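Visitor: Return atomic coordinates for the entry below.
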Amino acid sequence: MKHFIPLMMAAALMISCGQGEKKENLVNGDSVNQIINQKDAEINNLLGTVNDIQDGLRQITEAQGRINTLREGGQEGVAADDIREQMAFIQRTMEQNKQRMTELQKQLDNANINAKNLRQTIASLQQQLDDKSTQIAALKDELARKDAKIQQQAEEISALNSHNANLSQANEAKARTISQQDKDLNRGWYVFGTKRELKDHGILHRGDVLPQSFNRSYLTEVDIRKLHSIPLGSKSAKILTNHPASSYTLEKDADKKYTLQITDPASFWSISRYLVIQVK
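Guide: Below is the predicted model:
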């Protein structure tokens, strides 16, 4: 019995030691798995950010291509809004990519990873971003110069239109002046009426024809170039103003009523621009 107890204790100790080693191995295995899982998660996060940056660069390149297409194929004024929209998209995407690159560098610095290939990939992405920044800066400068040129052309066109408008207004004013002068040069006035009517309106006064105080509104204004005949509606007609006899005739119609026919307007109105005819 005394020998049996030590044997049991030794067996129990051996069992206990075996279980301890097993537990220690399990703990060590779990730690390794955790490390592996952590590194996998870090690598996945890094690769996800790398993919996002690469996708952003692709979108920027496509937007640059759209801008080139608009510049080559569209009218400048029509395509300008679309080009500005594409440039705004490129600017936003570049800012996002720069933020992602900053985040990627932090992730790499914090990760316990010694991945030479990954660091080379990130360095290549940074170089691509730098190259894109240079390209976009050059494109912005070129578009700015073109916008300035378009603005200058628009201002020149506006100034030309303004000059043409002023010139047109000046020509219209000149034409109106010439028209008015032409009208003034070819204005004449005539009146016919009985002796009593002519006296009542101051056309006749004590034997004088058209004294200074005569009623001008009683006379009819005409364009002497267009007046060729005046039906008088009377069997008696006497011209009181001075007009060359060779420049007109007094003709009777079937009812023996007179009509004044002006056969030579220039000569007829050469002495006086006023015509007064007394009828009965």
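
Visitor: and Leu57, backbone torsions?
Guide: phi -60, psi -40 (degrees, to the nearest 10).

Visitor: After the host helix or strand of Asn164, which helix or strand is next?
Guide: Assigned by DSSP states H and E, Asn164 falls within helix 116-185. As assigned by DSSP H and E, the chain's next helix or strand after helix 116-185 is strand 187-193.

Visitor: Please state the offset of the helix or strand just after that following strand from the chain centre?
Guide: The helix or strand immediately downstream of strand 187-193 is helix 195-200, counting by DSSP H and E. Counting by C-alpha atoms, centre = their mean, to the nearest Å, helix 195-200 is centred 69 Å from the centre of its parent chain.

Visitor: What is the neighbour count of the closest residue to Ile224 other than its chain neighbours?
Guide: Closest residue to Ile224 apart from its sequence neighbours, by C-beta to C-beta, 6 or more residues apart in numbering: Gly188 at 4.1 Å. In short, each C-beta sits where N, CA and C put it, glycine included. Neighbour count of Gly188, defined by other C-beta atoms under 10 Å: 21.

Visitor: now do Lys149
Guide: There are 11 residues near Lys149, going by other C-beta under 10 Å.

Visitor: Kindly report the same for Ile83.
Guide: With other C-beta under 10 Å as criterion, Ile83 counts 20.

Visitor: measure Ser246 to Ser267 for me?
Guide: Using C-beta to C-beta, to the nearest Å, Ser246 is found at 7 Å from Ser267.

Visitor: So between these two, which is more surrounded?
Guide: Each of Ser246 and Ser267 has its neighbours counted (other C-beta under 10 Å); Ser267 has more, 14 against 10.

Visitor: SS state for the more buried one?
Guide: Three-state assignment for Ser267 (DSSP: H, G, I helix; E, B strand; the rest coil): helix.

Visitor: How about it: what's its closest non-neighbour residue?
Guide: Per C-beta to C-beta, 6+ apart, closest to Ser267 is Ser247, 4.0 Å.

Visitor: Run through the residues that contact the one you found.
Guide: Counting by C-beta atoms under 8 Å, 6 or more residues apart in numbering, Ser247 makes contact with 262-265, 267-268.

Visitor: could you dump these to CSV with distance to Ile83 and pLDDT?
Guide: Listed next are the contacts of Ser247 as CSV, based on distance: C-beta to C-beta, whole Å; pLDDT from 0 to 100:
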residue, distance to Ile83, pLDDT
Ile262, 72, 96
Thr263, 75, 96
Asp264, 73, 95
Pro265, 68, 95
Ser267, 74, 95
Phe268, 73, 96
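
Visitor: Ser168: which of those is nearest?
Guide: Pro265 (34.2 Å; C-beta to C-beta).

Visitor: could you flag which of the contacts of Ser247 are buried?
Guide: 262, 265, 268 (16 or more other C-beta atoms under 10 Å).

Visitor: Am I right that Thr241 is in contact with Phe214?
Guide: No - Thr241 is beyond contact range of Phe214, at 12.0 Å (criterion: C-beta atoms under 8 Å).

Visitor: Give me the more crowded residue out of these two.
Guide: Phe214 (20 against 15).

Visitor: Looks like that one contacts Lys199 (just checking).
Guide: No - assessed by C-beta under 8 Å, Phe214 is found out of contact with Lys199, at 10.3 Å.

Visitor: Show me whatever sits in contact with both of the two.
Guide: His205.

Visitor: Now do the same contact list for the residue nearest to Ile224.
Guide: Counted by C-beta under 8 Å, 6+ apart, Gly188 has contacts 221-224, 227, 269, 273-275.

Visitor: Please name the bridge partners of it.
Guide: Val222 (DSSP bridges).

Visitor: per-residue pLDDT, it?
Guide: For Gly188, the model assigns a pLDDT of 95.

Visitor: how close does it sit to Asp182?
Guide: 14 Å.

Visitor: Same check on Gln64?
Guide: With C-beta to C-beta as the criterion, Gln64 and Asp182 are 65 Å apart.

Visitor: Fine by me, thanks again.
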